[in-house]
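**Student:** sequence first, predicted coordinates after that:
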Amino acid sequence: MTPEPTSLAGRLLVAMPGMGDPRFDHAVIYLCAHSEDGAMGLIVNKPTPEVNFPDLLDQLEIVPGPETRDIRVYYGGPVEGARGFVLHSTDYASEGATMPVDDDVGLTATLDVLEELAKGRGPTSSLLALGYSGWGPGQLEGEIASNGWLTCPARRDIVFGRANEHKWTAAMKSLGIDPLLLSDAAGRA
């Protein structure tokens, strides 16, 4: 009898040193969905220096209000790079458009959340990601088994915090791992 796979949705993926794909070097990914059909997540520690929220609003012809918050724009992953996703606290939900990930975090990929953020309303905590990280059936499990990723609980300060340069280290330390002691060589005992 094969046990049911455990969903990793609502957890963090933390890239191990030596990750073969430079797009995921020191990446911290919040997993939004995970099932036998595959997985989807957003990188939460790689802001895009070439795109900012006011310019994005201008491009989308959304007029910002005087209460517009400073929302960081992130590189969410290599899939569908022109598509935007807002990861946010559950104090906001767009009817029929927000996908609850867990009790604390939701995901919305429609313009209405951007319009609310532009007016200074919307979710208390949020980040905007362009593109996403995706895996086919069994692919993520294989990468974890090959020492490509660690998983840990998602802490609000890591997901929504502004100290992006410290998120990877904080995620490792939340697992009791000193990143300075990690090797980038994988092996089997």
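**Tutor:** Received the coordinates, thanks. Residues are numbered from 1 along each chain as shown.
**Student:** only C-alpha atoms from now on, for both contacts and neighbour counts.
**Tutor:** Will do.
**Student:** now do the strands in this structure.
**Tutor:** For the chain, the strands defined by DSSP state E occupy 11-15, 28-35, 38-43, 73-75, 79-89, 98-100, 105-108, 126-135, 149-153.
**Student:** nearest spatial neighbour of the residue minimising distance to the centre of the chain, chain-adjacent residues omitted?
**Tutor:** Nearest to the mean C-alpha position of the chain, by Cα atoms, centre = their mean, lies Leu42 at 2.7 Å. Excluding the flanking residues, the one nearest Leu42 by Cα to Cα, 6 or more residues apart in numbering is Gly76, at 4.5 Å.
**Student:** got a list of what that neighbour touches?
**Tutor:** Residues in contact with Gly76, defined by Cα atoms under 8 Å, 6 or more residues apart in numbering, are 41-44, 46, 129-133.
**Student:** one more: Tyr30?
**Tutor:** 9-13, 41-44, 154, 159 are the contacts of Tyr30 under Cα under 8 Å, 6+ apart.
**Student:** with Cys152 instead?
**Tutor:** Counted by Cα under 8 Å, 6+ apart, Cys152 has contacts 11-14, 171, 174-175.
**Student:** weed out the non-buried ones from those residues.
**Tutor:** 11-14, 171 (16 or more other Cα atoms under 10 Å).
**Student:** turn these into a markdown table, columns for distance to Asp58.
**Tutor:** Output for these, formatted as a markdown table (distance: Cα to Cα, whole Å):
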| residue | distance to Asp58 |
| --- | --- |
| Arg11 | 33 |
| Leu12 | 32 |
| Leu13 | 33 |
| Val14 | 34 |
| Ala171 | 34 |
